[in-house]
Structures are given as structure tokens and as C-alpha cells.
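Chemist: This is a predicted model, with the sequence first.
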Amino acid sequence: MTRIIAGRAGSLALVVPDAGTRPTSDRVRESLFGSLESADLLHDAVVLDLYAGSGALGLEAISRGAARCDLVEKSPRAARVADRNARALRRVMPDALIRVHQTSADMFLRNAAAVFDLVFLDPPYEVGEPELAATLTLLGPRLSAGAAVIIERSSRSPTPTLPPGLTPDRSKRYGDTTLWWALAD
């Protein structure tokens, strides 16, 4: 079972799509969000969760003090699950500003007008490095100065290729999963 770990909606159970997604483990989310809170990157942040799946990363950010979150998921089935989870979180936090977009990450970025402070990218493992690099290039203009971008990939994947304007910050391996952090200039 996946759940919100902490914050105003802590312990809220989340539904996970039955196929086609790879939810971030509680252990990885706990470590990630501990780091984000330590760096004061959550309070009032405008968050984007690309390849959202169940929406667990974006919803965890809302629970812990982010101002707003856009969940982007291409799969209709997973987008419905993300929407269901967003509605469950709103029952606990009626003031939560969450939007679910059933579209591809690239299409969303081509049409978005918002600027984001914190972005999660957890693409399916079959998304190749050239595709990920193209998505990161589209993301660049949508980032605030100093924005944090967290990329979750298989530990067997190469270090993501970052476009100009994004600087590598650190990486951390959790078994089969590695998180790469980048910061916007």
C-alpha cells in the first residue's frame, strides 16, 4: 500500500494503478522529502509532477506545505487514479490546489504558462535518454530561478543529460533506483 508519509495528510492511503507504473517506494520518498524539507524547498512551492502515476510525489509535496501542484500523466487509467488520489487528499485538505492533466509530459510543457519551483520526473524506464533530454529541454523555460528538479531512474540508467540552465547537484542510489538532483540557474 502506498500512502502519504507526513504532513497535513500524513498516513492517507493512496490508490496505485494496477499496471504500467512503478510507484516510488516509501523509503525513497521518505529520504527525498526529508532532504527537500531540510533544504526548505517545499514551503509554498509550485510543484510539477511529470509522469505522475498515482500522484504520490506531488501529493506528498502538497501535504508537506507546497502551495500548488500539477500532476501530469499520459495514461488515462493512471490519470484517473491520480485524480482519485487528489480528491481524497482534498477531503483532508480542502484548500489544496491540485490539477491533474491527462497528457504527455512534452505536450504539457509545450503548452504550460506556469513557472515551477520543484519538479519531479519519474518516467517509465523504457523512456530513453534522448527522450528524457528533450523533456528536460522543454522544462527549462518553465523553471523559477533556483528550482529543484528531481529525476528518478533505474540505477542502471546513465546520468541524465541536462540542458543549459540546469546544473547537476547530487545523486543518491536506493537499490535499483537512483535520484538525480539538478538546480535551475
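Modeler: Structure received.

Chemist: End to end on stretch 150-165, go ahead and measure it.
Modeler: End-to-end span of stretch 150-165 (CA to CA, to the nearest Å): 15 Å.

Chemist: switch to numbering from 39
Modeler: Renumbered: residue one is now 39, and that last one reads stretch 188-203.

Chemist: Contacts for it, please.
Modeler: Identification of contacts with stretch 188-203 by CB atoms under 8 Å, 6 or more residues apart in numbering yields 62, 66, 70, 156-161, 163, 167, 170-171, 174-175, 178, 181, 206, 209, 211, 213-220, 222-223. Yep, even glycine has a C-beta here, placed from its N, CA and C like the rest.

Chemist: right, and the helix or strand after the longest strand anywhere in the chain?
Modeler: For the chain, the strand with the greatest residue count under DSSP state E is strand 181-192. Using DSSP states H and E, the next helix or strand after strand 181-192 towards the C-terminus is strand 204-212.

Chemist: which secondary structure element contains Glu75?
Modeler: Glu75 belongs to helix 64-76 when elements are defined using DSSP H and E.

Chemist: Show me which positions of that helix end up buried.
Modeler: Neighbour counts over helix 64-76 (16 or more other CB atoms under 10 Å) mark Val66, Arg67, Leu70, Phe71, Ser73, Leu74 as buried.

Chemist: tell me what the longest helix along the chain is packed against?
Modeler: Scanning the chain for the helix with the most residues, using DSSP state H, yields helix 114-130. Applying 3 or more CB pairs under 8 Å, 6 or more residues apart in numbering; DSSP states H and E, one finds that helix 114-130 contacts strand 51-52, helix 94-101, strand 106-110, strand 135-139.

Chemist: Report all helices and strands that the helix or strand of the chain with the lowest mean pLDDT contacts.
Modeler: Least confident helix or strand of the chain, by mean pLDDT, DSSP states H and E, is strand 40-41 with a mean of 90. For strand 40-41, the elements it packs on are strand 51-52, judged by 3+ CB pairs under 8 Å, 6+ apart.
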